[in-house]
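Enquirer: Test case, fold it:
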Amino acid sequence: MAEVQLTDENFDQEVLKADKPVLVDFWAEWCVPCKMLGPILEEVAAEYKGRVVVGKANTDECPQSAAKYNIQSIPSLLLFNKGEVVKQNLGVIPKDAVVAMFEGLLDS
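Expert: Purely as a prediction, here's the structure:
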């Protein structure tokens, strides 16, 4: 798995201080749509390894991070660049829509 497991303890270091764009998936084990999005994100993480970080934040295990970013529905995708949320998406989206979220931020 090419994804980074996020916790309230490592969120700042792994996401806010990252030197590349970070796509954070706020999800939960019991969430069926989250499980549908999972394989798409694994594929994106593998294909864009080294260029984009894909992080998984289980809302049951990261309540502070979820509250800080006002996560009220899952799955929620937040794209961070230089410590700021630059895009977000709610629900299950196809792979091309996930890639489109960060495409303009990548160096060619």
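Enquirer: can you tell me which helix in the chain is longest?
Expert: Ranked by number of residues, the top helix in the chain under DSSP state H is helix 32-47.
Enquirer: in the sheet, who's paired with the spatially most central residue of the chain?
Expert: Centroid-nearest residue in the chain, with Cα atoms, centre = their mean: residue 24, separated by 1.6 Å. Assessed by DSSP bridges, residue 24 has beta-bridge partners residue 55, residue 78.
Enquirer: Next up, the contacts around it.
Expert: By Cβ atoms under 8 Å, 6 or more residues apart in numbering, the contact list for residue 24 reads 6, 15, 55, 56, 57, 77, 78, 79, 80. Using the backbone N, CA and C atoms, a C-beta is placed for each residue, glycine as well.
Enquirer: Tell me what the first one is bridged to.
Expert: In this structure, residue 6 bridges to residue 57 when assessed by DSSP bridges.
Enquirer: Fine by me, we can end here.
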